[in-house]
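K.L.:
Generate a structure from the sequence data that follows.
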Amino acid sequence: MAARQQPQPSAWDASIRSSAQRYLSVDGCRVKYIGPGSEDKDAAAVRSNHPVPSDCPIFYFEVEIASRGRDGFIGIGFSTAEVELDRLPGWEPHSYGYHGDDGHAFSGRGTGRAYGPIYSTGDWIGVILNRVERTITFTKKGYDLGIAFENVTEERLYPSVGFRTPEEEIVANFGTDLAARPFRGDLAWIRAEATQRLYSSILSTSVPRGSKGQSVIGELVFGYLRHQGHWDTAAAVARDVLGGGVAVSAQEVEEMQLRRQIGKHVAAGEIDVALALVRQLAPGLLDGDPHIHFRLQCQKFAEMIKAGLVAEAIEYGRTHVVPLGVGPQGGSGVAASSGSASMAAADRELLEDATALLAYDDPSAGPTGYILLPAHRNELAATVDRALLAHSGRCAESALEAATRQASATLQELKRSGHPAAQLLDLQSLLQQGRDPQQLLLEPGGS
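P.N.:
Modelled structure (predicted):
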């Protein structure tokens, strides 16, 4: 189930009632200090109407200084809902603030540290909460001031701004209507930089060697190449990366070549040749798997119709295809062997679609002409190949393919559960990051 979308901050919360709020005039995204502003006890802050969503990896908002007021005691940052609003952001625990009067950064206490330049009327400050790296960063007029706070772990943080002297006034932009009020800062660049850092962190993770001291990545690549029939490249990886500890046997090469030939003939609609090669490579497969046998015979039936051999096709269908699909006592032969009623229904539908080709002068142009298209033939070729692998006791996919599929499923689950880092990641982009695969294989530890 997808994670429920959480509301984004969109305005300052004018509904909060506290002694300090009487010193503020709040109107949507605009706030003005109207208090006496003579000492620290006159400070007042406001927070946004919603916290930053917990699954948001990069949250950005901007604050324009409409007026620095008398002394420019403006603080910009974040705070939790438990923080009292009679102090500037950063002066209390669970709050963070960058102050305009001295350029200091404050986190949980009244003493700050030098961080950035002061800011005044006409300046605009960008605020970046990075939940992946657990940091808060500020910009001034688009210039990156660097990380202000690290180890930011609070889950429910509200954008916050505080004031202390008369006439201080700001206008925030939370990005709720970027068409009307676009950000001045480059949010796309900020997000892209954070994403690249995340990718680099993942790709720099060291992968330990296997139990026999072999490169795990080398073993995965070797297994994939062998599985796909790229035996020359697999042999090179075995020799150069795995030190000759594994090899591709002559029997495997012969089996791979036959599997490839079978796939090519099925994809070309040359079913008789494919059937003969299947019997040569895997004796007993067709008798033991009526579903595969039926699909191949049904495809031959369709190819005969396409070739204009209508009478021959009808006879062939009656003597070879229907008995496989219906079974000896009128039930489905496939269902009898597999116990799957849904599979039997799918095969009956395929037979009906193939039979419907007889009604058209150009079978490929009919509504069931998909049977004669490359996509259907290729899918059948892949199904046959999986059956050949299973018959020989091998897995239908390589360990690398299984690991990639598992990684993809894990990433999707993390996204559904609202994990911030997962929202930035795309598995295909990660796999295409610019590292040289050969260098990847040869690195110490296989990392």
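K.L.:
for the chain, what helix or strand is lowest in average pLDDT?
P.N.:
Least confident helix or strand, the chain: helix 333-338 with a mean of 38, by mean pLDDT, DSSP states H and E.
K.L.:
That one: what's the following helix or strand?
P.N.:
helix 341-356 (DSSP states H and E).
K.L.:
What is that next one packed up against?
P.N.:
helix 290-306, helix 322-326, helix 333-338 (3 or more C-beta pairs under 8 Å, 6 or more residues apart in numbering; DSSP states H and E). Every residue, glycine included, has its C-beta placed from N, CA and C.
K.L.:
Of those, which is nearest W189?
P.N.:
Counting by C-beta to C-beta, W189 lies closest to helix 290-306 out of those; the figure is 52.0 Å.
K.L.:
which one of the helices and strands packed on helix 341-356 lies closest to V52?
P.N.:
Between the helices and strands packed on helix 341-356, helix 333-338 lies closest to V52; by C-beta to C-beta that is 52.0 Å.
K.L.:
For this protein, just list every one of the strands.
P.N.:
24-27, 30-33, 44-47, 58-68, 75-79, 95-99, 104-107, 113-114, 124-130, 135-140, 143-149, 158-163, 168-173 (DSSP state E).
K.L.:
Let me have the helices and strands packed on helix 341-356 in JSON lines, extended by mean neighbour count and distance to Q21.
P.N.:
As requested, the helices and strands packed on helix 341-356 are exported to JSON lines (neighbours: other C-beta atoms under 10 Å; distance: least, C-beta to C-beta, whole Å):
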{"stretch": "helix 290-306", "mean neighbour count": "23", "distance to Q21": "72"}
{"stretch": "helix 322-326", "mean neighbour count": "19", "distance to Q21": "77"}
{"stretch": "helix 333-338", "mean neighbour count": "19", "distance to Q21": "71"}
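K.L.:
Tabulate those (TSV), appending distance to I314.
P.N.:
Output for these, formatted as TSV (distance: least, C-beta to C-beta, whole Å):
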stretch	distance to I314
helix 290-306	9
helix 322-326	11
helix 333-338	20
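K.L.:
what pairs with S48 across the strands?
P.N.:
W12 (DSSP bridges).
K.L.:
confidence score at it?
P.N.:
S48 is assigned 98 on the pLDDT scale.
K.L.:
Just confirm it contacts S15, I think it does.
P.N.:
No: with contact defined as C-beta atoms under 8 Å, S48 does not count as touching S15 (11.7 Å).
K.L.:
which one of these two has more residues nearby?
P.N.:
S48 (23 against 8; other C-beta atoms under 10 Å).
K.L.:
ok, that one - contacts?
P.N.:
Neighbouring residues of S48 by C-beta atoms under 8 Å, 6 or more residues apart in numbering: P9, S10, A11, W12, D13, Y158, P159, S160, F174.
K.L.:
of those residues, buried ones?
P.N.:
P9, A11, W12, D13, Y158, P159, S160, F174 (16 or more other C-beta atoms under 10 Å).
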